[in-house]
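[1] Below are the sequence and a predicted model; questions follow.
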Amino acid sequence: MADIDNLQDGKNYYLDLPPRSTPSRIKGSNALDWGMKNRLARIFDPEDARTVMLAIDHGYFQGPTTGLERIDVTIVPLIPYADALMVTRGSLRSSIPAEISRPVVLRSTGGQSILKELSNELVAVDIDDAIRLNASAMAVQVYVGGVHEHESIGNLVNVVDAGNRFGVPTMAVTGVGKDLVRDAKYLGLATRICAEVGPHFVKTYFCEKGFSRVAAGCPVPLVIAGGKKLPELDALKMAYQAVEEGAAGVDMGRNIFQCDAPQAMIQAVRAVVHGDETPEKAFDLYLSLKSVPANR
Ligand code: 5RP
């Protein structure tokens, strides 16, 4: 039986203080339920509402991508520097230790390969398994203007609905396949169409001209993919310009894990995204960290 001896009335109700309620800094998230907000706050640093996600899901359609041949060797040491890890359930279960403290954004569509039509995807993870894996969000590729545009938007609808039942956010990823142009007009169209379906954040590509309009037109946080490997300074410039123009951070893959010094690069990207460091200073940081032996 619970101990009721010496039971006392509460004493200090701070009657002079109004109830505290902190609005979320994560764009478009104020009306969400507690579990959704809590999971989003694991991905986006509540201090600045930004994130450095590490994307390592490329194998789901292109096989053993350079830098991801041995995820257990090359990627696991990078995880402490990432705010979140974007990964397939296959790689997660086989190669990532369950003891990591970083949140997982689970790649949840697939079903095609580089040998065939890229937009031909299906939902590749059940919500039950996403929850079993303690996913903090699910990621769905959407091919606006692609051959299978309609089905890919249908996949987003289904995953958002499933996630909403359990408080698991969804990230829409605007896939461009081999043919679509990555300009502001297209990215603005694709990201807004995605956002209207109800995902909680959207991943897209950066464009040199008009990215601020793409970000402003998307009512939820926008994170950028890095795209193909660039010289490090150029990748840092891209990340800097993207956050300057309204991105909530990056979900970067090849520009980190295909670097000569991935641990140095991810820390330099963090300096830009979370520290508002200039690309040039972040590049100096990259060079100085590059000379330090990496953790293995
Ligand atoms: C595939 C993805 C990838 O995760 C993403 O594009 C990879 O990031 P990066 O372009 O930086 O290598 O979503 O569509």
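    Looks like it came in fine.
[2] what's the distance between whichever residue of the stretch 1-150 of the chain sits closest to the ligand and His148?
    Closest approach between the stretch 1-150 of the chain and the ligand, counting by C-beta to the nearest ligand atom: Ala55, at 3.5 Å. All C-beta atoms are positioned from the backbone trio N, CA, C, and that covers glycine. For Ala55, the distance to His148 equals 22 Å [C-beta to C-beta, to the nearest Å].
[3] So between the two, which is more surrounded?
    For Ala55 versus His148, neighbours defined as other C-beta atoms under 10 Å are more numerous around Ala55 (26 against 20).
[4] Test my guess that that one contacts Asn255.
    No - with contact defined as C-beta atoms under 8 Å, Ala55 does not reach Asn255; the gap is 9.8 Å.
[5] anything in contact with each of these two?
    Taking C-beta atoms under 8 Å, 6 or more residues apart in numbering as the contact rule, Ala55 and Asn255 both touch Gly226.
[6] Report the buried residues of the longest helix along the chain.
    Determined from DSSP state H, the single longest helix within the chain is helix 149-166. Buried residues in helix 149-166, counted by 16 or more other C-beta atoms under 10 Å: 151-153, 155-156, 158-160, 162-164.
[7] give me the number of residues near the residue of the stretch 101-250 of the chain found nearest the ligand?
    Distance from the ligand to each residue of the stretch 101-250 of the chain (C-beta to the nearest ligand atom) is smallest for Gly226, at 3.0 Å. For Gly226, the count of nearby residues is 23 (other C-beta under 10 Å).
[8] Tell me how far it lies from Thr22.
    Gly226 is 32 Å from Thr22, by C-beta to C-beta.
[9] Equivalent analysis for Glu196, please.
    For Glu196, the distance to Thr22 (C-beta to C-beta) stands at 27 Å.
[10] Tell me where the model's unsure across the chain.
    Applying pLDDT under 70 to the chain picks out residues 1-4, 177-179.
[11] Quick one: the helices in it, in order.
    34-43, 59-62, 71-74, 89-95, 127-132, 149-166, 184-197, 211-216, 232-244, 254-257, 262-275, 279-290.
[12] near the ligand, which residues of the stretch 51-200 of the chain?
    Residues of the stretch 51-200 of the chain lying close to the ligand by C-beta under 6 Å from any ligand atom are 55, 57-58, 86, 141, 173, 175.
[13] Tell me which two in those residues are the farthest apart.
    For those, the maximum inter-member distance is 13.8 Å, found between Met86 and Gly175 (C-beta to C-beta).
[14] which neighbours do these two share?
    What both Met86 and Gly175 touch, as defined by C-beta under 8 Å, 6+ apart, is an empty set.
[15] still on that earlier bit, and Glu196 and Thr22? which has more neighbours close in?
    Taking neighbours as other C-beta under 10 Å, Glu196 and Thr22 compare with Glu196 leading, 11 against 6.
[16] same for the longest helix of the chain, what does it pack against?
    strand 109-110, strand 122-123, helix 127-132, strand 137-142, strand 170-174, helix 184-197 (3 or more C-beta pairs under 8 Å, 6 or more residues apart in numbering; DSSP states H and E).
[17] Which elements pack onto the longest one?
    If I follow you right, that is helix 184-197. Packing partners of helix 184-197 (3+ C-beta pairs under 8 Å, 6+ apart): strand 137-142, helix 149-166, strand 170-174, strand 201-204, helix 211-216.
[18] how about it: buried residues?
    Of all the residues in helix 184-197, those buried under the rule 16+ other C-beta under 10 Å are 184, 186-188, 190-191, 193-195, 197.
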